[in-house]
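**Q** Structure for this input, please:
(one chain, ligands or ions: 1)
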Amino acid sequence: MNLILLGAPGAGKGTQAEIICDKLRIPAISTGNIIRAAVKEGTEMGVKAKSYIDSGALVPDQVIIGIIKERLAADDCKNGFILDGMPRTVAQAEALEEMGVQIDKVLDIEVADDKIIQRMGGRRVCSACGASYHVDFKPSAKPGVCDRCGGSLIVRKDDEPATVLDRLKVYHEQTEPLVGFYRQRGKLAVIDSDTIEGTTAAILKALEA
Ligand code: AMP
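**A** Take a look at the predicted model:
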């Protein structure tokens with residue numbers, strides 16, 4: 001099963017990717033996590049990507065396409081994968097098609113902008129493994145500590161309020177056109193729920209269809 005999670009920043013793609021990958025036993029691939037790890041390690045790609053990610057802009061398509069080509073060639077993707085945060089532009093979606101990647105379903109998690117802005121203040125991520133948390137909606141068992149790996153939880157630099165507004169603008173201009181792109185191909189399922197559990201249930205139902 002090859003899946004794409006589509007949705008604005010803060011819609012819950014990372015949270016749902018973590019839940020569904022455990023249920024379906026396929027890897028969740030977050031280009032954001034891959035880039036953040038490269039920035040932390042100071043690799044050549046990380047150094048180039050840092051200014052884009054910090055300002056809330058998109059990293060250039062060619063960089064992303066290179067990352068995803070390499071990642072999808074790994075053995076653990078043989079039985080399927082969940083793409084979280086990729087594609088983010090029509091050019092990236094076309095590149096997947098050109099690579100011969102067959103997508104079974106695109107799950108579009110729809111959340112209104114005002115709710116996204118409310119949510120972002122409480123978002124935390126693990127500085128070691130990238131797992132997602134929220135102080136109210138998905139707290140870790142021990143405050144500030146990742147349940148999965150024990151890493152410390154931090155506020156992402158690009159979750160600051162001014163950058164969130166920029167990221168939403170980028171989403172509407174560059175990523176939202178993918179809704180029509182995948183609807184046209186008969187792959188789109190719109191997921192509309194207010195809670196983490198409700199969203200998971202709606203996704204699992206859409207996957208049965
Ligand atoms: P995310 O963790 O998915 O919210 O991604 C964080 C940041 O990483 C984005 O704001 C972009 O700067 C960059 N990024 C992640 N995925 C992509 C992508 N598919 N295309 C372009 N930039 C990306």
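**Q** Can you tell me the element the residue of the chain found nearest the ligand falls in?
**A** Closest residue of the chain to the ligand, Cβ to the nearest ligand atom: G32 (2.0 Å). The way it works is simple: take the backbone N, C-alpha and C, and place the C-beta from them, glycine included. Using DSSP states H and E, G32 maps to helix 31-41.
**Q** interface residues of the chain facing the ligand?
**A** 9, 30-32, 35, 52-53, 56-59, 64, 85-88, 92, 158, 167 (Cβ under 6 Å from any ligand atom).
**Q** Just these: which are in helices?
**A** Among the residues of the chain next to the ligand, the members falling in helices (DSSP state H) are T31, G32, I35, Y52, I53, I64, Q92, R167.
**Q** Surely the first one and G66 touch.
**A** Read that as T31. No - T31 lies out of contact with G66 (Cβ atoms under 8 Å); the separation is 10.8 Å.
**Q** Which of those two has more residues huddled nearby?
**A** T31 (21 against 13; other Cβ atoms under 10 Å).
**Q** OK, contacts around the more buried one?
**A** V59, I64, I67, I68, L83, D84, G85, M86, R88 (Cβ atoms under 8 Å, 6 or more residues apart in numbering).
**Q** mind listing which of these are in strands?
**A** L83, D84 (DSSP state E).
**Q** Determine the number of other residues adjacent to V155.
**A** 13.
**Q** before we move on, back to that, generate a ChimeraX selection restricted to the buried subset of the residues of the chain next to the ligand.
**A** Selection of buried members from the residues of the chain next to the ligand for ChimeraX, criterion 16 or more other Cβ atoms under 10 Å:
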select :9,30,31,32,35,53,56,58,59,64,85,86,87,88,92,158,167
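**Q** which residues are in contact with whichever helix or strand V179 is part of?
**A** Using DSSP H and E, V179 sits within helix 177-184. Residues from elsewhere that reach helix 177-184 (Cβ under 8 Å, 6+ apart): I4, L6, P87, R88, T89, V90, A93, I103, V106, D108, L188.
**Q** The residues you listed: which two are farthest apart?
**A** Spanning the widest gap among the contacts of helix 177-184 are T89 and L188, at 16.7 Å by Cβ to Cβ.
**Q** before we move on, back to that, nearest residue to the residue of the chain closest to the ligand in space, please, no chain neighbours.
**A** G85 (4.8 Å; Cβ to Cβ, 6 or more residues apart in numbering).
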